[in-house]
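Asker: one predicted model, sequence on top.
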Amino acid sequence: MQAAARTMLEKIWEQHEVVPETSDIPAVLYIDLHLIHEVTSPQAFAVLAERGLGVRRPDLTLATLDHSTPTRTEQIFGGVPVAIESAARQIRELERNCARFGVELLGLQSEQRGIVHVIGPELGATQPGKTIVCGDSHTSTHGALGALAFGIGTTEVGHVLATQSLLQRKPRSLAINVDHRLQPGVTAKDLILWIISQIGVSGGTGHVIEYRGAGVCALDMEERMTVCNMSIEAGARAGMIAPDETTYAWLAGRARVPQGGAWEEALERWRHLPSDADARFDRQFEIDAAVVEPMITYGTNPGMVIPINGTIPERRGDAAFDQALAYMGFEAGAAIKEKPINVVFLGSCTNGRLSDLRAAARVLRGRKIAPGVQMLVVPGSQAVKRAAEAEGLHRVFKDAGAEWRESGCSMCLGMNGDTVTHGEYSLSTSNRNFEGRQGVGARTLLASPLTAAASAVRGRVTDPRELLSH
Amino acid sequence: MDAIRTLRSRTVVLPAANIDTDQIIPARFLTTTTRQGLGRHLFADWRHDAQGAPHSDFVLNRAAARGCQILVAGRNFGCGSSREHAPWALLDHGFRAVISTQIADIFRSNALKNGLVPVVVDAAIAGWLIEHPGVEVSIDLPTATLTLPTGIQASFPLESFARYCLVNGVDELGFLMDRERDIAAFEHRRPGA
């Protein structure tokens, strides 16, 4: 008898069911990799300490510091204290907790430190078929390698620390079929912003998205991470892409992947992961990558997004929409192109990888950023930083007038003091344009690294294709 | 977690859709290492201007909002970041339930684990509540029913396990700890174990 066709989600789910779900009780789901950072873990470790519990599998737990950490070199390596005292306390708390509970910490001065969603794949800790959680909603990033990866709250961080398991209901599945390839000058960031514009900021709620089709297979590994990263911006806790030769080639030889014969065995297991040809998804959605233009947000959620040559829409009678435009200082019917900007942020778990820095450098090489514009380049990890420096990208950024910082979440959420001034416009490669996200009163426009770099040069929102044509 | 069987309270209404967790509690307040005392940062940038003075017209700053335990909000409440600080701040402020037509997945999970009741209702019920701010409604957990002052009742989705945990004040960690033998057996048969 032929086994029923299954989606990749179903396969990974079934492989991790400690106890299957019933109508009364959720499944006990085993977690292969638990990533920890300083902001959402202290209260979880406190519960362990109160109850006299240990970390069940320190070997499946990996901690780093990224959210509230400084990006100024002197505060990381120069002995200058971390400027924000509460952030410094939080950093020390994670250091103490990791020492006490035997969890590996890639600490402040580690050359392996970085944004948790950048270093997981980079180290090869993220692998196809794994269940991966972290107290951070952008854990969806890791699904790009064919893992089931989703963000959890701090109570659940405590559950995983204590039991390596979670109580979970199996989510529904949403297939997003992407046909054709992206046009030149159009990036994975534009693709995911376009997808969000089509399905809406809550279109994926209750679902795990599987991105499929020729347009997805054609993406390189880092582009796939950018797409999966913003699944949560469409409401989906997880996004995933079937592992293929692109995935295996990217992972091969990384520090924490199985080596030698174990690698061959892992490959054999991973090749069974992709959804069966006739697997059924709860919902399907069709996307044509060929029609995607460079995208940019104009409002206060990632669904308020238009092609860069478009105009800001009008929604009569929608008070929240009008309030968002008032917050942004924009008017319905106006073009978004040529809007002046004050700050450019290149970085984050969405667009802080080497290929993102290369893309921006391609635009900035031999150019200067516009007078009065501040540009912050924050690599996603120390490894990204070193790799960028090895190929001279840091000189391109510095020569253009940008600041070259140490890795971290930085201005994506402004916890560490890297913030945008009240009322100023930030063209940011990050993932959220919520009110105040980058600082109180900050106005965020989300776009790709290419658009960010081109707009930095002009000091205005610029279609990057205008600077890429030569 | 305290057991909850029923809630009866006037409502506070925030009609906007897509209220994200950065609005509920901005990231700059997340450098805390405890879960206590976050209510003072709830909707910090909606309650205060850039100089820290309260906006007198913001609904949570009005006298009528005092003591209200039930928040009515627009569609897709709690989207964005996974920060559990959001339900902690709502609870610390005094809220015990959120009513919306849609509640974001991670927020919903976090809310349930802290005894903040997510109540998802249809657009007609939500629309009525938004048009009638401050009305007294009741929520019955054992039957997962919302009752409006008009007598209209609406059931809301609350799966049996979550309901059991809320009504009995049970936290999931104890339940998971009790599955230790199953977890150990799984670890034994796990590939690469």
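Answerer: Received the coordinates, thanks.

Asker: A:Asn97 - that's part of a helix, no?
Answerer: Yes. Counting by DSSP: H, G, I helix; E, B strand; the rest coil, A:Asn97 is part of a helix.

Asker: go ahead and confirm it touches A:Leu65.
Answerer: No. Using Cβ atoms under 8 Å, A:Asn97 is not in contact with A:Leu65, being 11.7 Å away. For the C-beta atoms, the positions are set from N, CA and C on the backbone; glycine is no exception.

Asker: what about the two, which has more around it?
Answerer: Set side by side, A:Asn97 and A:Leu65 show more neighbours around A:Leu65, with 27 against 24, by other Cβ atoms under 10 Å in any protein chain shown.

Asker: separation between B:Gly37 and B:Val117?
Answerer: B:Gly37 sits 22 Å away from B:Val117, going by Cβ to Cβ, to the nearest Å.

Asker: what number of residues lie near residue 63?
Answerer: Using chain A here. For A:Ala63, using other Cβ under 10 Å, the count is 22.

Asker: meant chain B, my bad for not saying
Answerer: When neighbours are defined as other Cβ under 10 Å, B:Ala63 has 6 of them.

Asker: same thing with A:Gly366?
Answerer: A:Gly366 has 8 neighbours, counted by other Cβ under 10 Å.

Asker: for A:Ser469, same thing?
Answerer: So A:Ser469, with other Cβ under 10 Å, has 8 neighbours.

Asker: swap in A:Asp276?
Answerer: Number of residues near A:Asp276 (other Cβ under 10 Å) recorded here: 15.

Asker: chain neighbours aside, what residue packs nearest to it?
Answerer: A:Ala5 (3.8 Å; Cβ to Cβ, 6 or more residues apart in numbering or on different chains).

Asker: contacts only, for that neighbour.
Answerer: Contacts of A:Ala5 were listed using Cβ atoms under 8 Å, 6 or more residues apart in numbering or on different chains, and they are A:275-280.

Asker: what's the spacing between A:Arg56 and A:Ile31?
Answerer: 10 Å.

Asker: what's the answer for B:Thr147, then?
Answerer: Distance of B:Thr147 to A:Ile31, given as Cβ to Cβ: 40 Å.

Asker: comparing these two, which residue is more hemmed in?
Answerer: A:Ile31 (25 against 17).

Asker: which residues sit in contact with that one?
Answerer: The contact partners of A:Ile31, taken as Cβ under 8 Å, 6+ apart, are A:16, A:60, A:131-133, A:160, A:164-166.

Asker: ok, B:Gly37 and B:Val117, which is more surrounded?
Answerer: Ranked by neighbour count (other Cβ under 10 Å), B:Gly37 and B:Val117 place B:Val117 first, with 24 against 12.

Asker: close to chain B, is stretch A:188-197?
Answerer: No. Applying Cβ under 8 Å from any Cβ of the partner chain, one finds stretch A:188-197 separated from chain B by no less than 11.6 Å.

Asker: now A:Trp263: closest residue in space, sequence neighbours ignored.
Answerer: A:Val257 (6.4 Å).

Asker: next up, the contacts around that neighbour.
Answerer: Counting by Cβ under 8 Å, 6+ apart, A:Val257 makes contact with A:124, A:127, A:251, A:263, A:266.

Asker: tell me the one of those residues nearest A:Gly423?
Answerer: For these, the minimum distance to A:Gly423 (Cβ to Cβ) is 43.5 Å, reached by A:Gly124.

Asker: which of the contacts of A:Ala5 are buried?
Answerer: For those, a burial check counting by 16 or more other Cβ atoms under 10 Å in any protein chain shown picks out A:275, A:279.

Asker: quick revisit: so which of the contacts of A:Ile31 sit within helices?
Answerer: Among the contacts of A:Ile31, the residues falling in helices (DSSP state H) are A:Val160.

Asker: looking at the contacts of A:Ile31, which is nearest A:Arg465?
Answerer: A:Ile132 (36.1 Å).

Asker: in the sheet, who's paired with the closest one?
Answerer: As for beta bridges, A:Ile132 partners with A:Leu33, A:Ala149 under DSSP bridges.

Asker: surely it meets A:Pro121?
Answerer: No. Using Cβ under 8 Å, A:Ile132 is not in contact with A:Pro121; the gap is 10.1 Å.

Asker: anything in contact with each of these two?
Answerer: With Cβ under 8 Å, 6+ apart, A:Ile132 and A:Pro121 have common neighbours A:His142.

Asker: so the nearest residue to A:Leu445 once chain neighbours are set aside is in which element?
Answerer: Leaving aside its chain neighbours, A:Leu445 sits nearest to A:Leu427 (5.0 Å; criterion: Cβ to Cβ, 6+ apart). For A:Leu427, the host element (DSSP states H and E) is strand A:425-428.

Asker: just the mean pLDDT for that strand, thanks.
Answerer: Taken as a whole, strand A:425-428 has a mean pLDDT of 98.

Asker: tell me where the stretch 101-250 of chain A has strands.
Answerer: Counting by DSSP state E, counting those that start in this stretch, residue ranges of the strands within the stretch 101-250 of chain A are A:104-106, A:131-134, A:148-151, A:165-168, A:172-179, A:207-212, A:238-240.

Asker: one more: chain B?
Answerer: For chain B, the strands defined by DSSP state E cover B:6-14, B:70-73, B:97-100, B:117-120, B:136-140, B:145-147, B:153-155.

Asker: what would the ones you listed look like in TSV with distance to A:Gly200?
Answerer: As requested, these are arranged in TSV below (distance: least, Cβ to Cβ, whole Å):
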stretch	distance to A:Gly200
strand B:6-14	20
strand B:70-73	17
strand B:97-100	15
strand B:117-120	17
strand B:136-140	28
strand B:145-147	26
strand B:153-155	24
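
Asker: include distance to chain A and mean pLDDT when you put these into CSV, please.
Answerer: Output for those, formatted as CSV (distance: least, Cβ to the nearest Cβ, whole Å; pLDDT from 0 to 100):
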stretch, distance to chain A, mean pLDDT
strand B:6-14, 10, 98
strand B:70-73, 11, 98
strand B:97-100, 11, 98
strand B:117-120, 10, 98
strand B:136-140, 20, 98
strand B:145-147, 20, 98
strand B:153-155, 17, 98
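
Asker: so which of the ones you listed is nearest B:Arg47?
Answerer: Among those, the nearest to B:Arg47 by Cβ to Cβ is strand B:6-14 (11.5 Å).

Asker: can you give the distance of the closest one from its chain's centre?
Answerer: How far strand B:6-14 lies from its chain's middle: 12 Å, per Cα atoms, centre = their mean, to the nearest Å.

Asker: before we move on, the earlier item: doesn't the residue nearest to A:Trp263 lie inside a strand?
Answerer: No. Assignment of A:Val257 by three-state DSSP gives coil, placing it outside any strand.

Asker: coming back round to it: would you turn the strands of the stretch 101-250 of chain A into a markdown table with distance to B:Pro87 and mean neighbour count?
Answerer: Formatted as a markdown table, these follow (distance: least, Cβ to Cβ, whole Å; neighbours: other Cβ atoms under 10 Å in any protein chain shown):
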| stretch | distance to B:Pro87 | mean neighbour count |
| --- | --- | --- |
| strand A:104-106 | 28 | 18 |
| strand A:131-134 | 18 | 27 |
| strand A:148-151 | 14 | 29 |
| strand A:165-168 | 17 | 24 |
| strand A:172-179 | 24 | 21 |
| strand A:207-212 | 22 | 27 |
| strand A:238-240 | 21 | 31 |
